[in-house]
Every structure is written in C-alpha cells, then in structure tokens.
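Colleague: compute the structure for the input listed below.
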Amino acid sequence: MLTLEVHTRTIGSLKAQDPEHLTLNVLEERLTVAELIQRIVAEGIREETMQRMKSMPHIQDGQPQQEASKRGYLSEEEIAAQVQSGMIRLPGQNDISVPDTKTQIQKTLRAFQNGTYLVLIDNKRIKTLDEEISFTPTTSIQFVRLAPLAGG
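Modeller: This is a model prediction of the structure:
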C-alpha cells in the first residue's frame, strides 16, 4: 500500500486559502486520473465530515439533544457544555450536512474536462481522464482549482 499526499489549492479567488493537503492510501500502484479524482473527492468529503463532527460535542459523545429539541430551548447545563466547544447551537441546528459524494465527483470530473480543475503529477499537467498514472512513494500530486477573477 502506498500513502500519497495530495495538495489542493484555488487560484484566482479572493477567498482562496493556503494550500490544503490530504493523505490518500492506495493499494494499486497505477490509477487513471478519473479514479484518482474519485478517491480524492471521496476522501476530502470524509475528512470534512469528520471535522464537522468533532466540532459538535453532542454528536461526538453520542448524546443527541432530543429533550432540548422537544422543549425548544437549551438548559443552562446544555449551554455550559456547548460553550466548551466554542459554539452554541439551538435544538434542530445540529445536523451535519454531508455533500453527496457522487454529485461532487461528477462536478469535479466536469471541471477537469472544462479546464477549471487541473491535476499535476510530478509537476506535469495531466490532460485526459483516462491517462494512467504510476505512483511511487515520492510522487507529487497537486490539484489546482481555477476560479474566475472578480469582474472577469
């Protein structure tokens, strides 16, 4: 099994943040670009969901706020417990919305085909989804999203 580090960044957006990265474990030494994109999008959604769950102590502890939801308000104890997490949520506002993985994969594949989402392997731009990539422990993987400039 190979462990690959994938760097992602957005260019052209005022909201662009520092490059992010995620770790992807692959059993195969060769994948097509389409397969790589599918796995990276799915892993990104999984990691984002885990981060959201960590910020919601009642989900993390497995204690849904059913009683508070029935009452329509939080008790002083519930507020104090939520203060520790840095965020207070009213009953019914605690759901974690998870993007549909299939939809996000299709959007990303379309963006790649339209040229607004680039894949660079060892600093070489990959141009087709069916191109097969051989991975080594030192393979450099970068995903770059191009955002339109304001007013452009």
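Colleague: helices along the chain, start to end?
Modeller: Here the chain has its helices, by DSSP state H, at 33-54, 57-60, 66-71, 76-83, 101-114.
Colleague: by contact count, what packs against the fourth one?
Modeller: Packing contacts for helix 76-83, counted by 3 or more Cβ pairs under 8 Å, 6 or more residues apart in numbering; DSSP states H and E, involve helix 57-60. Any C-beta I mention is one placed from the backbone N, CA and C, and that applies to glycine too.
Colleague: run the last query once more with 7 Å
Modeller: Here helix 76-83 touches no other helix or strand, going by 3 or more Cβ pairs under 7 Å, 6 or more residues apart in numbering; DSSP states H and E.
Colleague: CA atoms only: put that helix into CSV for me.
Modeller: Presented in CSV, the C-alpha positions along helix 76-83 are these (Å, rounded to 0.1, in the frame of the first residue of the first chain):
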residue,chain,number,x,y,z
GLU,A,76,-28.2,26.2,31.5
GLU,A,77,-26.3,22.9,31.7
GLU,A,78,-26.6,22.3,27.9
ILE,A,79,-25.4,25.8,27.2
ALA,A,80,-22.4,25.4,29.5
ALA,A,81,-21.5,22.2,27.8
GLN,A,82,-21.7,23.7,24.4
VAL,A,83,-19.6,26.8,25.5
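Colleague: mind listing what's buried along that helix?
Modeller: Buried residues in helix 76-83, counted by 16 or more other Cβ atoms under 10 Å: 78, 81-82.
Colleague: now swap in the longest one and tell me
Modeller: By 16+ other Cβ under 10 Å, the buried positions in helix 33-54 come out as 33-41, 43-45.
Colleague: just to revisit the earlier point, of all the helices of the chain, which lies closest to residue 144?
Modeller: Closest approach to residue 144 among these (Cβ to Cβ): helix 101-114, 10.6 Å.
Colleague: could you tell me the angle between that closest one and helix 33-54?
Modeller: For helix 101-114 against helix 33-54, the angle by axes from the mean of the first three to the mean of the last three Cα atoms, to 10 degrees is 130 degrees.
Colleague: for helix 101-114, packing partners?
Modeller: Packed against helix 101-114 by the contact rule (3+ Cβ pairs under 7 Å, 6+ apart) you find helix 33-54, strand 117-121.
Colleague: chain center to the first one: distance?
Modeller: Think helix 33-54. With Cα atoms, centre = their mean, to the nearest Å as the basis, helix 33-54 stands 5 Å off its chain's centre.
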